[in-house]
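Asks: Structural data only, the sequence is not supplied:
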């Protein structure tokens, strides 16, 4: 492979893996092999391609705020529990990265000084410039906003060139319907922000999609369980589905 083939299409990315993906096949808790595989792919981008990598983790493998609220729990309280789930995932991913030799920082939108830095944009950018992977935890720190919205916000703040969302359960992009239950579902190679919202394609929540549209941040949705997909996207490949204007 030539130097030109190795050159990345994006120099700074925000990677948004789903919390459930960290759980492996069970969908709950943490799976060590999945964490290690995810860490290996992230390290490949950072150390072999020279890409600045920030990660915004979900927490659905531990708790979903809307699940608690539909069961009668106060929605704000439920969302705060979900934020703590993202911190657990962030620390687990940090451990997996550092065991493989990649320097990492966790920044939390809720201050937890004994286990993570407080989120400070300038400090996060400086970490990236020094070759560290930065993991953003606790969403935006506010209830009623998803980690998808947090990922869009952080992407804009650190001037990332793309937001890459990793799915689980073998869904390799955006479809017209759920391909796991509808045999007629068709995959989109590319779709606009407006189509995602008007067709209710369930890529991300509407707030995140509108934010990415307003700030001209392209989104790539892909199956993170397929080895090599993340590298392919960063090098300009056609994995998954591209969402843009």
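Replies: That came in fine, so what should we check first? Since the model is a prediction, treat every value here as computed from it, not as a measurement.
Asks: tell me the helices in the chain, going along the chain?
Replies: Using DSSP state H, the helices assigned to the chain run over residues 3-6, 32-43, 65-70, 75-99, 121-129, 147-157, 193-198, 206-214, 229-234.
Asks: which residues touch residue 233?
Replies: Going by Cβ atoms under 8 Å, 6 or more residues apart in numbering, residue 233 touches 162, 164, 220, 222, 239, 240. All C-beta spots, glycine's among them, are computed from the backbone N, C-alpha and C.
Asks: Now tabulate those in a markdown table and tack on distance to residue 114 and neighbour count.
Replies: Below are the contacts of residue 233 laid out as a markdown table (distance: Cβ to Cβ, whole Å; neighbours: other Cβ atoms under 10 Å):
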| residue | distance to residue 114 | neighbour count |
| --- | --- | --- |
| 162 | 33 | 21 |
| 164 | 31 | 28 |
| 220 | 35 | 27 |
| 222 | 35 | 23 |
| 239 | 39 | 21 |
| 240 | 38 | 28 |
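Asks: Can you flag which of those residues belong to strands?
Replies: 162, 164, 220, 222 (DSSP state E).
Asks: would you turn these into TSV with pLDDT and distance to residue 7?
Replies: Shown next, in TSV, are these (pLDDT from 0 to 100; distance: Cβ to Cβ, whole Å):
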residue	pLDDT	distance to residue 7
162	98	15
164	97	18
220	97	18
222	94	20
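Asks: Spatially nearest residue to residue 236 (excluding sequence neighbours)?
Replies: What sits nearest to residue 236 in space, not counting adjacent residues and going by Cβ to Cβ, 6 or more residues apart in numbering, is residue 9, at 3.6 Å.
Asks: these two touch, right, residue 145 and residue 207?
Replies: Yes - with contact defined as Cβ atoms under 8 Å, residue 145 reaches residue 207; the gap is 7.0 Å.
Asks: the more surrounded of those two?
Replies: Neighbours per residue, other Cβ atoms under 10 Å: of residue 145 and residue 207, the larger number sits with residue 145, 18 against 15.
Asks: Poorly predicted segments of this protein, please.
Replies: Scanning the chain with the threshold set as pLDDT under 70 gives 1-5, 65-70.
Asks: TSV please, covering the helices of the chain and showing distance to residue 179.
Replies: TSV is the format used below for the helices of the chain (distance: least, Cβ to Cβ, whole Å):
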stretch	distance to residue 179
helix 3-6	32
helix 32-43	22
helix 65-70	23
helix 75-99	26
helix 121-129	35
helix 147-157	20
helix 193-198	16
helix 206-214	20
helix 229-234	17
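Asks: Pick the most buried one from the ones you listed.
Replies: Each of the helices of the chain was assessed for mean neighbour count using mean count of other Cβ atoms under 10 Å. The highest is helix 147-157, with a mean of 25.
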